[in-house]
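Engineer: Model the structure of this input:
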Amino acid sequence: MGDWREMTRECLVDIMTRLPLEDRWRWSPLVCRSWLAASRDPSLWRTLDLEPCFLSGGPEEQPRWWTPEFEAAIDAMLLSVIQWSSGGLKEVLLRHCSDRSLLVLVERSPELRALSIKSSPNVTDLSISKMAASCPMLAELDISFCYNVSHESLKLIGHNCRNLKVLRRNLLNWLDPSQHRGIIPAEYLNSVPQNGDEEAAVIAKFMPNLVHLDLRFSKLSPNGLKLIVEGCTKLEILDLFGCANLTSRALQDAAEGLKNLKVFTRPNFYIPRSVFHTERYGHWRLYDERFQTNVFQI
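Structural biologist: Predicted coordinates for the structure are as follows:
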């Protein structure tokens with residue numbers, strides 16, 4: 001067998017496209033200089049998907065993910081990928097980032113089509129409004145559990161990102177917040193958005209092309225739901241799990257009014273509150289060893 005170090009860059013890149021993200025990130029650069037160079041090829045960094053890392057294990061590390069140190073590590077990883085992608089990032093799925101890295105992302109990634117930044121308490125209207133102006137091709141957005149993003153940002157997104165088809169704006173379970181205590185800072189739990197109808201009005205007016213809308217644990221009222229039904233007539237998937245302010249009549253009217261609706265998740269009023277659970281995080285390592293060595297420090 002020949003020396004792998006002598007393989008052409010094209011062959012090496014082709015091999016790396018078949019590797020899991022962890023192997024591409026941690027091990028490929030350690031083989032030799034040619035492998036390090038190939039691992040930074042922009043074609044390998046059109047997508048950054050960290051969701052499997054968050055969903056792959058138990059909950060023992062969850063409190064650490066809400067710390068400034070973890071957020072800084074996520075930001076550092078995203079900034080590295082932005083640099084390697086050379087402006088070609090199209091899909092970013094992560095959690096616990098901040099405005100610091102998101103502002104760079106939207107400035108340098110005009111082709112961005114899908115963004116998920118769940119559980120990012122330090123993402124604010126500053127970066128989301130910038131994204132609305134810089135990423136017109138955005139088709140999917142998940143800002144679940146991002147409480148410092150307001151309906152004003154949603155208005156800008158809807159106005160500028162006319163291709164938006166999927167919006168996820170889920171809230172943490174405010175019906176039974178005890179399940180989050182000791183994991184999520186109390187002050188953040190207590191800052192759950194109260195303006196469900198304001199957000200519903202913005203979604204209805206500025207996002208008429210939505211086909212998928214998630215509003216779990218939103219505080220919207222029957223009036224807010226009525227606005228969505230009238231404004232988002234193309235909806236095929238609507239998730240209202242945990243929306244305790246809605247009435248049976250409002251839900252029935254929504255089911256009848258949305259002619260394209262295929263999947264309708266109702267609040268499930270009869271399920272005991274103790275079984276309402278937010279999404280499972282699982283084990284997460286963030287490849288700490290890589291950052292501790294400062295090899296990829298920007």
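Engineer: So, low pLDDT: which residues of the protein?
Structural biologist: Applying pLDDT under 70 to the chain flags residues 1-44, 57-59, 269-298.
Engineer: Could I get the full set of strands for it?
Structural biologist: With DSSP state E, the ranges of strands along the chain come out as 47-49, 91-95, 114-118, 140-142, 166-168, 212-214, 237-239, 263-265.
Engineer: who's in contact with the first one?
Structural biologist: The set of residues that contact strand 47-49 without belonging to it, under Cβ atoms under 8 Å, 6 or more residues apart in numbering, is 21, 78, 81, 89-94. Heads up, the C-betas are built off the backbone N, CA and C, glycines and all.
Engineer: go on, the second one?
Structural biologist: Identification of contacts with strand 91-95 by Cβ under 8 Å, 6+ apart yields 46-51, 54, 65, 74, 77-78, 105, 109, 112-120, 142.
Engineer: on that earlier part again, out of the contacts of strand 47-49, which comes closest to residue 228?
Structural biologist: Taking Cβ to Cβ as the measure, residue 228 sits nearest to residue 93 out of these, at 25.1 Å.
Engineer: Could you tell me which of the contacts of strand 47-49 count as buried?
Structural biologist: Buried by 16 or more other Cβ atoms under 10 Å: 78, 81, 89-94, out of those.
Engineer: Please convert these to CSV, extending it with distance to residue 134.
Structural biologist: Output for the buried ones among the contacts of strand 47-49, formatted as CSV (distance: Cβ to Cβ, whole Å):
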residue, distance to residue 134
78, 16
81, 17
89, 12
90, 14
91, 16
92, 14
93, 19
94, 18
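Engineer: ok, back up a step: can I get the buried part of the contacts of strand 91-95 as one PyMOL selection?
Structural biologist: Only the buried entries of the contacts of strand 91-95 go into this PyMOL selection, using 16+ other Cβ under 10 Å:
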select buried, resi 47+48+50+54+65+74+77+78+105+109+112+113+114+115+116+117+118+119+120+142
